[in-house]
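*Asks:* Please work out how this folds:
(one chain, ligands or ions: 2)
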Amino acid sequence: MDLLNAAVRKISRSSNKDPFYDKSPKLLATPSHVAVAQFDIPSGTSTSSSSSSSSTSSLSSSSTFWLSPTPSIWSPRRYIPAQVRKNISKRQAAVLACLLLGLLVWMVPSPRSWRREVVHIDVPHHITNPYQVLKPIAEAAKKHAPNPQRWLEHNSNNKFALSSKSKLVSSISEYGHVSKRPRAALISLVRNSELEGIVQSMTQLEYHWNRKYKYPWVFFNDEPFSDEFKAATRNLTSAKIYYEVVPQDHWSLPDWIDEGRFMNSLEYLGAIGVGKGWMISYRHMCRWNSGFFYRHPRLKDFDWYWRVEPDVHFFCDIDYDVFRFMRDNNMKYGFNMNILDDARSFPSLWSRTRSFINAHPEFIHPDADLDWLLDPRNSGDYNNCQFFSNFEIGDLNFFRGKANEKYFDWLDRGGGFYYERFGDAPIHTLSVAMFVPKNEIWFFRDIGYQHDINRHCPPKSAHRCACEPTPMDENFYRLVPLESAQKKPDDTCIRQFLGGAWLDKKSGWSQDGERMFGGDGYHGYELTGLEH
Ligand SMILES: Nc1nc2c(ncn2[C@@H]2O[C@H](COP(=O)(O)OP(=O)(O)OP(=O)(O)O)[C@@H](O)[C@H]2O)c(=O)[nH]1
Ligand SMILES: [Mg+2]
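*Replies:* Ligands and ions are numbered 1, 2, ... in the order given. You can find the predicted model right below:
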């Protein structure tokens, strides 16, 4: 401040007439005398339009400026418009400049290391590495590959939560930040009649997570939402909500489908007890979730989604921005349960997928891993494992990408959504497994969740989850009906995905031996998933 004042005093002593009065602000950025000495500046008034260089031409046009008596003295008053300058004192000008400087320092985002927006929450137990259990696969071999574990350690504790600031403050501090807020939404396809169920799901997800992050909700329906639905859901969040109707051609029988064959399929799958096999709307729903949701115009301004169904449960406080996690770690797809479903609903899915692979090998990602989905004991066919897609957090741009779109169209043209009952879960699973590198798929072991009879609860989580921890294999074949002769893979789906130590068995144990004594053959693992 003293230096500034001294500078201001010096200028005012040097001349009553401000020598820079008519100069443009650009010219007032005073160079040093050394720099001046390097140029041959003609004295006098020539403003020749030299063709040599832009610096020469700008210097020559301001030659009187260089000859002015105090070129090297900086004054904050130079940057103030002339009319204002007349009316404020030099001291006031200096103070104003300091204030502006301070504001600038506050607004310009700082490196991550020296500014963290942390909202502290109480964690009653000391946990050395709460994220160890999340580790799904071997650490990426590449040197500068993202490290999700480290990301979580650095970005939890509700960093980036919006609740502690006003909208204005948060948008100012976001301005120019290296890590802008992802364009993401919570999305839900739901009927008016499922209001109670969606209120339940929304209330829990808002409470445990979204009240801090305020990501918008987008509701989809095959008919307009009722006023009651809108009023009740609006009450549950302070984030934006959108209510959208699915376009008619995304929710109707395509013209290449033979209606008679479709009716037979409804009757047959209904008769043999395939879940909701007789419901027409269920077929449209599976098709929409497989290949249309990401094309809806409302989602065109979004990059990320978290799918939420009515009547599901969220048990745990989540203290990080899940969408930032996905984006910053270059994840394409996040899941929470990996299970078997009734394979009678998609008998031709694998042969159609195999023919797609043969026709379009160029789409298979070199770092993709399909092995965990293939059963060597069953001619290398699909083992029917699938990410349970009622919970999924994903990259919309992946789904909108060419590989997934081509794959979906291929299956859709074959009629499997109507002649069989193709589900979106196996289709998303196969698509992600074929077209996404394995290390861009994330297992959200830390998010406690329940859909109907399937429940997932992380270990070591009593301080933040209202559920009893579930072992790794909890939901493996719970959805396969007893009467189904469906072959099960040697290892549970989630272990096939995780690989490594998750496949190690106790010494002396054998699957056949366990089955001889009435077990199901999946109790020989060294790790249960509940370890510390
Ligand atoms: N608007 C609308 N939504 C539907 C329709 N059918 C299903 N959905 C939604 O699609 C999602 C999946 O449907 P569900 O009936 O739950 O299917 P599911 O999860 O395989 O079956 P459950 O195990 O019974 O839950 C849910 O969010 C439903 O609300 C429909 O005809 N109209
Ligand atoms: Mg459901």
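*Asks:* My understanding was that residue 350 contacts residue 380; is that so?
*Replies:* No - contact criterion C-beta atoms under 8 Å: residue 350 and residue 380 do not qualify, at 9.7 Å. Every residue, glycine included, has its C-beta placed from N, CA and C.
*Asks:* For these two, indicate the residue with more neighbours.
*Replies:* residue 350 (19 against 13; other C-beta atoms under 10 Å).
*Asks:* in the helix or strand where the more buried one lies, what counts as buried?
*Replies:* Following DSSP states H and E, one finds residue 350 within helix 349-359. By neighbour count on 16 or more other C-beta atoms under 10 Å, the buried set for helix 349-359 is 349, 350, 352, 353, 356.
*Asks:* Can you get me a residue count around the nearest residue to the second one once chain neighbours are set aside?
*Replies:* Nearest in space to residue 350, with sequence neighbours left out and distances taken as C-beta to C-beta, 6 or more residues apart in numbering, is residue 382 at 3.8 Å. Counted with other C-beta under 10 Å, residues neighbouring residue 382 total 23.
*Asks:* hmm, back to that, which one of the buried residues of helix 349-359 is nearest to ligand 1?
*Replies:* Of all these, the one with the least separation from ligand 1 (C-beta to the nearest ligand atom) is residue 349, at 15.9 Å.
*Asks:* How about the contacts made by that closest one?
*Replies:* Residue 349 makes contact with 382, 411, 416, 420, 422, 426, 427, 430 under the criterion C-beta atoms under 8 Å, 6 or more residues apart in numbering.
*Asks:* Can I take it that residue 528 is in a helix?
*Replies:* No - going by DSSP: H, G, I helix; E, B strand; the rest coil, the assignment for residue 528 is coil, not a helix.
*Asks:* what sits against it?
*Replies:* 471, 472.
*Asks:* So for it, what's the pLDDT?
*Replies:* For residue 528, the pLDDT comes out at 96.
*Asks:* So what's the residue count around the closest residue to ligand 1 within the stretch 301-450 of the chain?
*Replies:* In the stretch 301-450 of the chain, no residue comes nearer to ligand 1 than residue 309, which is 3.9 Å away by C-beta to the nearest ligand atom. Neighbourhood size, residue 309 [other C-beta under 10 Å]: 17.
*Asks:* Let me know the helix or strand that it is in.
*Replies:* Residue-wise, residue 309 maps onto no helix or strand under DSSP H and E.
*Asks:* which residues sit in contact with the closest residue to it other than its chain neighbours?
*Replies:* Leaving aside its sequence neighbours, residue 309 sits nearest to residue 390 (C-beta to C-beta, 6+ apart; 4.6 Å). Residue 390 makes contacts with 307, 309, 312, 451, as judged by C-beta under 8 Å, 6+ apart.
*Asks:* Include secondary structure when you put those into CSV, please.
*Replies:* Compiled in CSV, the contacts of residue 390 are given as follows (three-state DSSP):
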residue, secondary structure
307, strand
309, coil
312, strand
451, strand
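*Asks:* Please report which of these has the highest neighbour count.
*Replies:* The contacts of residue 390, ranked by neighbours (other C-beta under 10 Å): first place residue 312, 22 neighbours.
*Asks:* That residue pairs with what?
*Replies:* residue 451 (DSSP bridges).
*Asks:* got any ranges where this protein has weak pLDDT?
*Replies:* 1-81, 84-85, 105, 107-143, 163-179, 532 (pLDDT under 70).
*Asks:* ok and the residue in it nearest ligand 1?
*Replies:* Counting by C-beta to the nearest ligand atom, the chain gets nearest ligand 1 through residue 281, at 3.4 Å.
*Asks:* Tell me if I'm right that that residue and residue 222 touch.
*Replies:* Yes - the criterion here is C-beta under 8 Å, and residue 281 meets it with residue 222 at 7.5 Å.
*Asks:* higher neighbour count, these two?
*Replies:* Taking neighbours as other C-beta under 10 Å, residue 281 and residue 222 compare with residue 222 leading, 17 against 11.
*Asks:* before we move on, the earlier item: residue 444 versus the residue nearest to residue 309, what's the distance?
*Replies:* 13 Å (C-beta to C-beta, to the nearest Å).
*Asks:* just residue 360 next, same as before
*Replies:* Residue 360 is 30 Å from residue 444, by C-beta to C-beta.
*Asks:* Whether stretch 241-257 contacts ligand 1 - can you check?
*Replies:* No - Stretch 241-257 stays clear of ligand 1 (C-beta under 6 Å from any ligand atom), getting no nearer than 7.4 Å.
*Asks:* Which parts of that stretch count as buried, going by neighbours?
*Replies:* Judged by neighbour count using 16+ other C-beta under 10 Å, the buried positions of stretch 241-257 are 241, 243, 244, 246, 250, 251, 257.
*Asks:* what does the stretch 101-250 of the chain have sitting close to ligand 1?
*Replies:* So the stretch 101-250 of the chain meets ligand 1 at 189, 190, 191, 194, 221, 222 (C-beta under 6 Å from any ligand atom).
*Asks:* quick one on the thing from earlier: got the buried residues of helix 349-359 as TSV, with distance to residue 473 columns?
*Replies:* Formatted as TSV, those follow (distance: C-beta to C-beta, whole Å):
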residue	distance to residue 473
349	24
350	23
352	29
353	26
356	31
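*Asks:* SS state for the residue nearest to the spatial centre of the chain?
*Replies:* The structure's the chain has its C-alpha centroid closest to residue 323; by C-alpha atoms, centre = their mean the separation is 3.0 Å. Three-state assignment for residue 323 (three-state DSSP): helix.
*Asks:* Isn't residue 302 up against residue 184?
*Replies:* Yes - under the criterion of C-beta under 8 Å, residue 302 lies in contact with residue 184, with a separation of 6.1 Å.
*Asks:* what about residue 518, how many neighbours?
*Replies:* Count around residue 518 with other C-beta under 10 Å applied: 6.
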